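>>> what follows is a predicted structure for the sequence shown.
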Amino acid sequence: MGAGAIGGTIGGYLTRAGHDVTLVDAWPAHIDKIKADGLTVTTMEGDFTIKPSALHIGELSATTNQYDVVFVSVKSYDTAWVTTLIEPHLAPGGVVVSAQNSINEDIIASIVGWDRVMGCVVTIGATTVGPGHVERTSAERGRRSFALGDPSNSDSPRLQGLKTILEDCGEVGVTTNLLGERWAKIATNCMSNSICGVTGQSSVGMRLHPVTRDLATRIAAEVVQVATAHGVVIDKIGSIPARKYVEGLTDTTVKEEVERIMIEEAPKIGTGRPSLAQDLAKGRRTEIDYLNGYVIRKGKEAGVRTPFNQMIVDLAKQVEAGVMQPMIDNIWMIMDYPPE
């Protein structure tokens, strides 16, 4: 469900590996192209074209198809209605896997039940090139591509079976701390997606520029503080222990260490721009309310201030509304006037 950058990439790899895959998407030209000529997946290792089954989203309800595994790869704001649409097509014993940004397992569970939900933390980079064409912008080897977890934090044969399937797309880890993994990914998204969106930078560029890198560490520190206040044991953010972002607020040596690692890891990220930046460039609605906005809401629940996340949300909404254009100078609206 959702055959864009991430969904199309996952579906393409699984089809190439011989799995019976159906791609469902709301973009008519995309599905028409896949039906006619197949789906082309561009990777850093080369291109391949496969021809999975493909359905316009309106065609799905006209079928009696039943699916064992449904990867939901739509924007967070579309989670509820998409899950409602797919629920009648979930096979007995089937599972819905959230392969999305933010934390949407509770939304999915409210529709299909917790026993039919899995979480998939996606760490590959991808973009949609055009109808029938997606690109994986990160390498297949050398970095973990996915982390699978059950919301109950238990391991199970079903989880291991899903891991075996997904390994046809890249390296897969199994976590018994799904929320910790989710919050670590939200920290990455809150740094990279929002900053790149308002500045027009790439993910690599954001880490190499001293001012945006500094802002990123402040945003991440707030994310960690909010997660901790909610009792979440947040996993490493990349290869950096989460607590170091908070420690770096008052310890210059720790902050320098964090930034050094961010610079060293930059070349490993790939060549792409994060999804929110892609959305802003195309004039689309963003997921900012489900990323930095989610942190702000959770911070208010726990009594934790999140001023830098609030300022980047305000700035992103101005860019989203067309009041401002993505450019590096936008960042001075935050860094020249830091919150008290």
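Yes, it's here.
>>> next, the buried residues of the helix or strand harbouring Glu301.
Glu301 is part of helix 292-302 when elements are defined by DSSP states H and E. Of the residues in helix 292-302, 292-296, 298-299 count as buried by neighbour count, 16 or more other C-beta atoms under 10 Å. The way it works is simple: take the backbone N, C-alpha and C, and place the C-beta from them, glycine included.
>>> ok, and what's touching it?
102-103, 186, 190, 194, 219, 222-223, 225-227, 229-230, 305-306, 309-310, 312-313, 316 (C-beta atoms under 8 Å, 6 or more residues apart in numbering).
>>> going through the residues you listed, which ones are buried?
Buried, going by 16+ other C-beta under 10 Å: 102-103, 186, 190, 194, 219, 222-223, 225-227, 306, 309-310, 312-313, 316, out of the contacts of helix 292-302.
>>> remind me what the longest helix along the chain packs against, helices and strands.
When the chain is parsed with DSSP state H, its longest helix is helix 178-199. If contacts are counted by 3 or more C-beta pairs under 8 Å, 6 or more residues apart in numbering; DSSP states H and E, helix 178-199 sits against strand 117-122, strand 146-149, helix 203-208, helix 210-229, helix 242-247, helix 275-281, helix 292-302, helix 307-320.
>>> sheet-wise, list the partners of the longest strand seen in the chain with their directions.
Identified as the longest strand of the chain according to DSSP state E is strand 90-98. Under the criterion DSSP bridges, strand 90-98 sits next to strand 67-72 (parallel), strand 117-122 (parallel) in its sheet.
>>> the first one: which residues count as buried?
This points to strand 67-72. Buried residues in strand 67-72, counted by 16+ other C-beta under 10 Å: 67, 69-72.
>>> what residues does it touch?
1-2, 7, 10-11, 22, 79, 82-83, 86, 89-91, 93-100, 104, 108, 120, 162, 165.
>>> now the closest residue to Lys35 other than its chain neighbours, which residues is it bridged with?
Using C-beta to C-beta, 6 or more residues apart in numbering and skipping the chain neighbours, the partner closest in space to Lys35 is Ala54 (5.2 Å). Note on Ala54: beta-bridge partners by DSSP bridges are Leu23.
>>> verify the stated contact: Ala54 with Ile31.
Yes - with contact defined as C-beta atoms under 8 Å, Ala54 counts as touching Ile31 (5.0 Å).
>>> quickly list what's touching both of the two.
3, 23, 25.
>>> quick one: the first one from Val41, how far?
When C-beta to C-beta, to the nearest Å is applied, the distance between Ala3 and Val41 equals 11 Å.
>>> so these two - more neighbours on which side?
Ala3 (32 against 24; other C-beta atoms under 10 Å).
>>> could you list every residue that touches that one?
11, 23-25, 30-31, 34, 39, 54, 73.
>>> between those, which is closest to Leu60?
Minimum distance to Leu60 across these is 5.5 Å, recorded for Val24 (C-beta to C-beta).
>>> for Cys120, see how far away the closest one is.
Counting by C-beta to C-beta, the gap from Val24 to Cys120 is 17 Å.
>>> more crowded one of these two?
Val24 (26 against 22).
>>> close enough to count as contact, that one and Ile57?
Yes - assessed by C-beta under 8 Å, Val24 is found in contact with Ile57 at 5.8 Å.
>>> coming back round to it: pull the most distant pair out of the buried residues of strand 67-72.
Tyr67 and Val72 (11.4 Å).
>>> quick one: Ser98 and Asn104 touch, right?
Yes - if you go by C-beta under 8 Å, Ser98 and Asn104 touch, sitting 5.0 Å apart.
>>> which one of those two is surrounded by more residues?
The neighbour comparison of Ser98 against Asn104 (other C-beta under 10 Å) goes to Ser98, with 30 against 24.
>>> low-confidence regions, this structure specifically.
142, 270-272, 336-340 (pLDDT under 70).
>>> same thing but 80
139-143, 235, 268-274, 281-283, 333, 335-340 (pLDDT under 80).
>>> quick revisit: chain center to the helix holding Glu301, what's the gap?
Here the centre of helix 292-302 is set off from its chain's centre by 18 Å, with C-alpha atoms, centre = their mean, to the nearest Å.
>>> next: stretch 154-174.
On C-alpha atoms, centre = their mean, the centre of stretch 154-174 falls 18 Å from the chain's centre.
>>> any residues touching that stretch, and which ones?
Here stretch 154-174 makes contact (C-beta under 8 Å, 6+ apart) with 9-10, 13-14, 16-17, 19, 69, 95, 97, 118, 120, 124, 140-141, 143-150, 176.
>>> and the residue nearest to Lys35, how many residues sit next to it?
By other C-beta under 10 Å, the residues close to Ala54 number 23.
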